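**Student:** A predicted structure for the sequence below; I have some questions about it.
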Amino acid sequence: MDCLVLKNTKNLDREEWLEARRYGLGGSDIGSICGLNKYKSPIAVYLDKVGELPSEEQQSEAAYWGTIIEDIIAKEFEVRTGKKVRRKNAILQHPKYPFMLANLDRVVVGEKAILECKTASAYLDSEWKNDKVPESYILQCQHYMAVTGYEKVYIAALIGGNKFVYKEILKDGELINYLIEIEKDFWKRVEDKNPPAMDGSEASSELLKKLYPGAVEGTEILLPYEASELIQKRNEVKVKIKELESEQSECENKLKNMLQSSEIGLIDNLKVTWKNVNANKFDSKSFEKDKPDLYKKYLKASNYRKFDVKEIGGK
């Protein structure tokens, strides 16, 4: 079955495009709902789809430059492969599962194939070594093949601004079936207004800061019964962390004792170092004492919420 066209995007502005994406799950959502995107958690995807995610005032730098450089990557792919690509100015929709959407970068002329264009930091070079492709992108590509029925995705990436690579990802029917089940379950949550559980990812921590940036001073509520279980678990985890940190420190101290005055120690294919470090630290207390007016002039106020758990009446 051929995929459907949900919306033509040729003359669509950014706000209209973002609104259209709420009709279902796109390729960039898949890594997030599978827990493979450190920048966006499953709960953030859910809130986005139900229209409760705080809107970003502007597009991020990474997303902006990714869009700008996309055309350059597509042209370089043509040069290196001899293949021709063209835009697909539409949000596509799975014919059987209407909540599965695809917004393709390019399609390859003369093939049932897609071109995905990516940019990556030089620090992420190892994720593209040899035949490797970041897992979230693999799922994105399989999602697009599920929606379109195409058999192949070429994924081209510019790494660190000066290294171009491209890989070929073939359709995996078993993985696609698995993704469809995950997406069906997730979309039912969206329809039933049943949010996924909050997780411990950094992405979720950042989301909570955006959702609830400030407390109403003096307000107090009764927490549900589950809060007791979470507090107990948190306390147990804190004890384990302290024990593990002590074990780590013990290992490091024993290694330092082996090194003694040596800077470097070698064992098998590993190198242990205990180096001299010279650092200049700004003495803010002395500066405040000697130059109080200047100190106040350059103070920058910051607001944040501090989390803590204490016994009532405790210090």
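**Tutor:** Sure, I can see it. Numbering: from 1, shown residues only.
**Student:** from here on, contacts and neighbour counts on C-alpha atoms
**Tutor:** Noted.
**Student:** residue ranges of the helices in the stretch 51-200 of the chain, please?
**Tutor:** 61-81, 135-148, 173-192 (DSSP state H, counting those that start in this stretch).
**Student:** so of those helices, which one's packed in deepest?
**Tutor:** Each of the helices of the stretch 51-200 of the chain was scored by mean neighbour count; the highest is helix 135-148, a mean of 23, by mean count of other C-alpha atoms under 10 Å.
**Student:** Report all helices and strands that that one contacts.
**Tutor:** helix 27-33, strand 90-93, strand 101-102, strand 152-159, helix 173-192 (3 or more C-alpha pairs under 8 Å, 6 or more residues apart in numbering; DSSP states H and E).
**Student:** where in the stretch 1-150 of the chain is pLDDT low?
**Tutor:** Scanning the stretch 1-150 of the chain for pLDDT under 70 picks out 1, 56-59.
**Student:** One more pass at 90, please.
**Tutor:** 1-3, 7-21, 37-39, 53-68, 130-131 (pLDDT under 90).
**Student:** Flag every buried residue along stretch 94-112.
**Tutor:** 94-95, 98-108 (16 or more other C-alpha atoms under 10 Å).
**Student:** can you put these in CSV and add distance to Leu270?
**Tutor:** Below are those laid out as CSV (distance: C-alpha to C-alpha, whole Å):
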residue, distance to Leu270
His94, 51
Pro95, 54
Pro98, 52
Phe99, 50
Met100, 47
Leu101, 47
Ala102, 46
Asn103, 46
Leu104, 44
Asp105, 43
Arg106, 45
Val107, 46
Val108, 46
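**Student:** where does Phe307 land on pLDDT?
**Tutor:** For Phe307, the pLDDT comes out at 89.
**Student:** Tell me, how many residues neighbour it?
**Tutor:** Phe307: 5 surrounding residues under other C-alpha atoms under 10 Å.
**Student:** Am I right that it sits in a helix?
**Tutor:** No: read with DSSP: H, G, I helix; E, B strand; the rest coil, Phe307 is coil and lies in no helix.
**Student:** Can you give me the separation between it and Ser205?
**Tutor:** 12 Å (C-alpha to C-alpha, to the nearest Å).
**Student:** ok, of the buried residues of stretch 94-112, which one's closest to Phe287?
**Tutor:** Checking the buried residues of stretch 94-112 against Phe287 with C-alpha to C-alpha, the nearest one is Asp105 at 54.1 Å.
**Student:** Just give the nearest non-adjacent residue to the closest one, would you?
**Tutor:** Spatial nearest neighbour of Asp105, chain neighbours left out: Glu116 (5.5 Å); criterion: C-alpha to C-alpha, 6 or more residues apart in numbering.
**Student:** who's in contact with the one you found?
**Tutor:** 104-106, 141, 153-156 (C-alpha atoms under 8 Å, 6 or more residues apart in numbering).
**Student:** what about stretch 94-102, distance to the chain center?
**Tutor:** Taking the mean of its C-alpha atoms, stretch 94-102 sits 23 Å from the chain's own mean (C-alpha atoms, centre = their mean, to the nearest Å).
**Student:** Kindly report the same for stretch 208-219.
**Tutor:** Worked out by C-alpha atoms, centre = their mean, stretch 208-219 lies 24 Å from the chain centre.
**Student:** now the end-to-end length of it.
**Tutor:** 18 Å.
**Student:** Wait, Lys49 touches Glu191, no?
**Tutor:** No: judged on C-alpha atoms under 8 Å, Lys49 makes no contact with Glu191 at a distance of 9.5 Å.
**Student:** Closest to Ile267 out of the buried residues of stretch 94-112?
**Tutor:** Nearest member of the buried residues of stretch 94-112 to Ile267, counting by C-alpha to C-alpha, is Asp105, at 48.2 Å.
**Student:** rewinding a little: would you format the helices and strands packed on helix 135-148 as TSV with distance to Val272 included?
**Tutor:** Shown next, in TSV, are the helices and strands packed on helix 135-148 (distance: least, C-alpha to C-alpha, whole Å):
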stretch	distance to Val272
helix 27-33	36
strand 90-93	53
strand 101-102	48
strand 152-159	30
helix 173-192	42
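**Student:** right, and these - which one's nearest Tyr298?
**Tutor:** strand 152-159 (38.2 Å).
**Student:** partners of that closest one in the sheet?
**Tutor:** Looking at strand 152-159 with DSSP bridges, its partner strands are strand 113-120 (parallel), strand 163-170 (antiparallel).
**Student:** and the angle for it with helix 61-81?
**Tutor:** Angle of strand 152-159 versus helix 61-81, following axes from the mean of the first three to the mean of the last three C-alpha atoms, to 10 degrees, is 120 degrees.
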